[in-house]
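>>> next input, structure requested:
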Amino acid sequence: MSDTNSTGTAGIPAGGASTATGTATPPAGRRDKPGYDYDREVLRGKLGTVERTPGSSKPDSILTVDNVVRRFGGMTAVDVQHVEVQRGAITALIGPNGAGKTTFFNLLTGFDKASSAPTTFKRGGDTAKWVFDGKPMGNVGAAKVARAGMVRTFQLTKALSRLTVMQNMLLGARDQPGENFFVGIIPPLWKAREREITVKAEDLLHRFKLYEKKDDYAGSLSGGQRKLLEMARALMSDPEMIMLDEPMAGVNPALTQSLLGHIQSLRDDGTTVLFVEHDMHMVRHISDWVIVMAEGKVVAEGPADTVMDDQAVIDAYLGAHHDTDLGDDSLLTDAVLEELEHEVAAEDAAREADATGASSSSGGGTPGRDLPGSPDPSTPTATNAADGQQSGDKR
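Purely as a prediction, here's the structure:
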């Protein structure tokens, strides 16, 4: 694993040299990507010129997202009109619980389908589309998204418990001829590639301090070790961008610093990083850019040291009236009460308009009740099903 400098911010990788344009050339063993900002300070200098507004354009975006909407019945979980992710940066996606961050990840990586996705009868500029590294990714399955170079990890780790650590690693590699049925029965056709990916897996396990566990079942690892395994397995496919969903969730504090270092080394090795996290200390420590979501929308963007002071971010986490003393009777004047009533009425009208729009787009009627075979919401069965769906949505 590569070390960071004494300031805690990864700079030019050891052995790298700066070019005349300020872009560092990668040291031996790292992928040579022309135009990739191996020099972290050069990258942050570029981002310093970016406008601090939601949906701002980036100097060299690797991912561009437009009109991505996901509804569950009458509730809009994600409504992102435009957002870009800078190539070579560590970008944090933050927001309160229920902001739609994981759902947004699921949509981008093909594990869910946007409600605004183009269909046979609905096409045009207002439909969902996103482009990754110059390739359109809308309506593309998860496997093809991963092969295109955009891989992800999960908040709840997906390690295959009954396979060994090494077997989990080997599954993550691409271009394995032995996966073809007819090639697989002739060992000389796939043995060489198997040796290559085994060496690569061993190198990654050494880097993530898991080599001694390579013959253990993945189910025997601790929560933090599973996070490391999932991150290492993702790197077996040499991704252009890795998306980490709450990498610090449930991790022993002793492993936190190790994970921080691994994430920074990913960027230094030529991989763009987009991660969801609630740990604001981690966000401030390693991120180059921060995108803030609330109620499914992007409400703020900017560097970590300034975006936390944005009023939209404060309102998203603490509420618009967080600084109002609700016990101060002197505030309850007729003018204040009238102002609060107007605000509540405006919010109710906005919610009603959103619900009406969602109902119209789904064919009208109460979501789910007009469908053949749909249970009556008043029955215990329907209530239990709704509770189960709500729990699933939160995940």
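
>>> only C-alpha atoms from now on, for both contacts and neighbour counts.
Fine.

>>> the stretch 251-395 of the chain: strands as residue ranges?
Residue ranges of the strands in the stretch 251-395 of the chain, as given by DSSP state E, counting those that start in this stretch, are 272-276, 289-294, 297-302.

>>> strands paired with the second one, and their directions?
What it means is strand 289-294. Partner strands for strand 289-294, per DSSP bridges, with pairing direction: strand 90-94 (parallel), strand 297-302 (antiparallel).

>>> and the ones you listed, which is most packed in?
For these, the stretch with the most neighbours on average is strand 90-94, a mean of 26; neighbours defined as mean count of other C-alpha atoms under 10 Å.

>>> helices and strands around the helix or strand that comes right after that strand, which ones?
Elements were assigned by DSSP states H and E; along the chain past strand 90-94, the next helix or strand is helix 101-108. Helices and strands touching helix 101-108, by 3 or more C-alpha pairs under 8 Å, 6 or more residues apart in numbering; DSSP states H and E, are strand 75-86, strand 241-245.

>>> tell me which of these lies nearest to Glu339.
Shortest separation from Glu339 across these is recorded for strand 75-86, at 27.2 Å, computed as C-alpha to C-alpha.

>>> Gly124 is nearest to which of the strands of the stretch 251-395 of the chain?
Among the strands of the stretch 251-395 of the chain, the nearest to Gly124 by C-alpha to C-alpha is strand 297-302 (21.3 Å).

>>> quick one: which of the strands of the stretch 251-395 of the chain is nearest Tyr317?
Evaluated over the strands of the stretch 251-395 of the chain, closeness to Tyr317 peaks at strand 289-294, with 8.5 Å, by C-alpha to C-alpha.

>>> residues in contact with stretch 223-239: which ones?
146-147, 149-153, 157-159, 165, 168-174, 197, 200-201, 204-205, 208, 210, 218, 242, 247, 250-252, 255, 259, 271 (C-alpha atoms under 8 Å, 6 or more residues apart in numbering).

>>> how far off centre is the top helix by length along the chain?
Ordering each helix of the chain by length in residues (DSSP state H) puts helix 334-361 first. Its chain's C-alpha centre lies 31 Å from the corresponding centre of helix 334-361 when counted by C-alpha atoms, centre = their mean, to the nearest Å.

>>> select, out of the strands paired with strand 289-294, the one closest to Val83.
strand 297-302 (7.9 Å).

>>> how far off centre is that closest one?
Relative to its parent chain, strand 297-302 has a centroid offset of 14 Å by C-alpha atoms, centre = their mean.

>>> that older thread, kindly reformat the strands of the stretch 251-395 of the chain as JSON lines containing distance to Thr119 and mean pLDDT.
Output for the strands of the stretch 251-395 of the chain, formatted as JSON lines (distance: least, C-alpha to C-alpha, whole Å; pLDDT from 0 to 100):
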{"stretch": "strand 272-276", "distance to Thr119": "29", "mean pLDDT": "94"}
{"stretch": "strand 289-294", "distance to Thr119": "27", "mean pLDDT": "93"}
{"stretch": "strand 297-302", "distance to Thr119": "23", "mean pLDDT": "93"}
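
>>> same list, the ones you listed, but as JSON lines with distance to Asp66 please.
Shown next, in JSON lines, are those (distance: least, C-alpha to C-alpha, whole Å):
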{"stretch": "strand 272-276", "distance to Asp66": "17"}
{"stretch": "strand 289-294", "distance to Asp66": "15"}
{"stretch": "strand 297-302", "distance to Asp66": "12"}
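
>>> Leu318: neighbour count?
Other residues within reach of Leu318, judged by other C-alpha atoms under 10 Å, total 12.

>>> which strand or helix spans the nearest residue to Trp130 once chain neighbours are set aside?
In space, and not counting its chain neighbours, Trp130 is closest to Val65: 4.3 Å by C-alpha to C-alpha, 6 or more residues apart in numbering. Secondary structure assignment for Val65, by DSSP H and E: strand 61-72.

>>> compute the inter-axis angle for the longest helix of the chain and strand 61-72.
Orientation note: helix 334-361 sits at an angle of 90 degrees relative to strand 61-72 (axes from the mean of the first three to the mean of the last three C-alpha atoms, to 10 degrees).

>>> mean confidence for helix 334-361?
Summarised as a single mean, pLDDT over helix 334-361 is 78.

>>> against which helices or strands is it packed?
The contact analysis (3+ C-alpha pairs under 8 Å, 6+ apart) places helix 334-361 against strand 75-86.

>>> please state the offset of the helix or strand containing Gln225 from the chain centre?
Using DSSP H and E, the secondary-structure element containing Gln225 is helix 223-235. Taking C-alpha atoms, centre = their mean, one finds helix 223-235 lying 16 Å from the centre of the chain it belongs to.

>>> got the angle for it vs strand 241-245?
Computed by the same axes, to 10 degrees, the angle separating helix 223-235 from strand 241-245 equals 160 degrees.
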